[in-house]
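Novice: what follows is a predicted protein model with its sequence.
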Amino acid sequence: MRLSDFDQRLIALGALPVHRGRVMRVWLKGQAIDTGTRRRSSEHFLPLALREAVPALTAELDGLARIRSEHAGNDGSRLLVELADGQMVESVLLPRDGLCVSTQVGCAVGCRFCMTGKSGLIRQVSSMEILAQVVLARRQRTVKKVVFMGMGEPAHNLENVLEAIDLLGTEGSIGHKNLVFSTVGDLRVFEALPQQRVKPALALSLHTTKAQLREHLLPRAPKIAPEALIELGERYARDTGYPIQYQWTLLKGINDGDDELDAIVRLLKGKYGVLNVIPFNSLEGDDYRRPDAERIREIVRTLHSRGVLTKVRNSAGQDVDGGCGQLRARAVGAEQVVELRQRRVAIATGRATT
Ligand SMILES: C[S@@+](CC[C@H](N)C(=O)[O-])C[C@H]1O[C@@H](n2cnc3c(N)ncnc32)[C@H](O)[C@@H]1O
Ligand code: SF4
């Protein structure tokens, strides 16, 4: 007998679904949960079944993660979430019922301005650990939007992220365009997303229109030219009907010049997307700076007047020293993270042996 997707997911959560005519009974840790009457088709039946099974399933998710600390800020609250093996990730409660979740502990892309990138990849976050972040946040307040913009590169943990997106977009009752997959851009993403029954909105971390500079800032991102990335994004936006969010972490003297603005207008004007400018959130001991407030306003004014829809986004919770990965780094010791990274690079390049 072929198990339905829904049954498979219940089993993955540790539950055993048994269909009895028009009623389904879910066995969870030796307890029976009757999930109501089957309606005309299993399509109709599924949400009702899960709604009734949810209290037990969330108890199951409890074993996967717990909130270790909460840090309130003006623009959002950051949660430091401890996973069962002691690893830590960050989730951010965003304004307007949004939640930002982490998809990896660490990240292999190594963006120079990102604290998460400094530790390299430590491990993948499972689909259930991603869901556990949503469940923990939902205990605090409503969550209607989930953005995959926390620690990690979703394209490098594609199977788990897509499974979490599918569950959140079906049984989790989150509108598909309110699930936002944020990536540096990877061909596997453009192949996989159009095949999904739950197609998330897409955020592309562009940061510059210059291929060489992008390779420097995002050292281990796939080498796709910015123009090509925008073309791929545009196709996905037209297919899904959701505009692309182009992410631009704004670094003083690096990617805030008039030459970049001219190129942005050339590449993005008329495209189905919005440019999100994120002023750099400073890291301890880093050389990068954000432009001053007047330059940021000028950039937005200029791009708007030249036909590119542009918004300033602050990385949430920055007033609590919570830029991506910084809470975790503080918890495990920022210096330790950087040292570990430097050591790994030294070993890889033959400058150290152990
Ligand atoms: C943390 S990443 C996670 C998702 C995915 N890896 C990506 O890069 O799109 C989400 C966004 O945070 C931004 N970001 C990372 N570190 C930042 C910092 N120190 N200041 C401002 N934005 C930052 C990145 O540029 C990226 O657009
Ligand atoms: S910005 Fe995204 S891709 Fe780059 S290191 Fe941070 S998490 Fe990874």
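Specialist: Alright, I've got the coordinates. Ligands and ions are numbered 1, 2, ... in the order given.
Novice: so which residues of this protein form helices?
Specialist: 5-12, 42-62, 115-118, 127-140, 158-169, 187-192, 211-217, 226-240, 258-268, 293-305, 326-332, 334-348 (DSSP state H).
Novice: by contact count, what packs against the third one?
Specialist: So that's helix 115-118. helix 326-332, helix 334-348 (3 or more CB pairs under 8 Å, 6 or more residues apart in numbering; DSSP states H and E). No exception for glycine: its C-beta is placed from N, CA and C like everyone else's.
Novice: what mean pLDDT does that helix have?
Specialist: Averaged over helix 115-118, pLDDT sits at 92.
Novice: report the backbone C-alpha coordinates of that helix in PDB.
Specialist: Coordinates of each C-alpha in helix 115-118 appear next as PDB, following Å, rounded to 0.1, in the frame of the first residue of the first chain:
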ATOM      1  CA  MET A 115      28.800  36.500  11.500                       C
ATOM      2  CA  THR A 116      27.200  33.200  10.600                       C
ATOM      3  CA  GLY A 117      29.600  32.800   7.700                       C
ATOM      4  CA  LYS A 118      32.600  33.100   9.900                       C
END
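Novice: from the middle of its chain, how far away would it be?
Specialist: For helix 115-118, the separation from the chain centroid amounts to 15 Å (computed by CA atoms, centre = their mean, to the nearest Å).
Novice: so that helix, near ligand 2 or not?
Specialist: Yes. Using CB under 6 Å from any ligand atom, we find that helix 115-118 touches ligand 2 at Thr116, Gly117.
Novice: need the residues of the stretch 101-250 of the chain near ligand 2, please.
Specialist: So far as CB under 6 Å from any ligand atom goes, the stretch 101-250 of the chain lies against ligand 2 at Cys107, Val109, Gly110, Cys111, Cys114, Thr116, Gly117, Met151, Gly152, Glu153, Val184.
Novice: residue ranges with poor pLDDT in the stretch 151-300 of the chain?
Specialist: Across the stretch 151-300 of the chain, the ranges flagged by pLDDT under 70 are 284.
Novice: alongside ligand 1, which residues does it contribute?
Specialist: Glu153, Ser182, Thr183, Val184, Ser205, Gln247, Thr249, Ile278, Phe280, Asn281, Leu283.
Novice: any chance of the residues you listed in CSV, plus neighbour count and distance to Glu260?
Specialist: Output for those, formatted as CSV (neighbours: other CB atoms under 10 Å; distance: CB to CB, whole Å):
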residue, neighbour count, distance to Glu260
Glu153, 29, 23
Ser182, 23, 21
Thr183, 27, 21
Val184, 25, 18
Ser205, 25, 15
Gln247, 19, 14
Thr249, 26, 12
Ile278, 21, 15
Phe280, 22, 14
Asn281, 22, 19
Leu283, 21, 22
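Novice: pick out the most distant pair among these.
Specialist: Thr183 and Leu283 (21.5 Å; CB to CB).
Novice: just to revisit the earlier point, between the residues of the stretch 101-250 of the chain next to ligand 2, which has the most around it?
Specialist: Gly152 (31 neighbours; other CB atoms under 10 Å).
Novice: go ahead and confirm Pro226 touches Leu267.
Specialist: Yes. With contact defined as CB atoms under 8 Å, Pro226 reaches Leu267; the gap is 7.0 Å.
Novice: find the nearest non-adjacent residue to the spatially most central residue of the chain, please.
Specialist: Against the mean C-alpha coordinate of the chain, by CA atoms, centre = their mean, the closest residue is Phe148 at 1.5 Å. In this structure, Phe148 finds its nearest non-sequential neighbour in Pro154, 4.7 Å apart by CB to CB, 6 or more residues apart in numbering.
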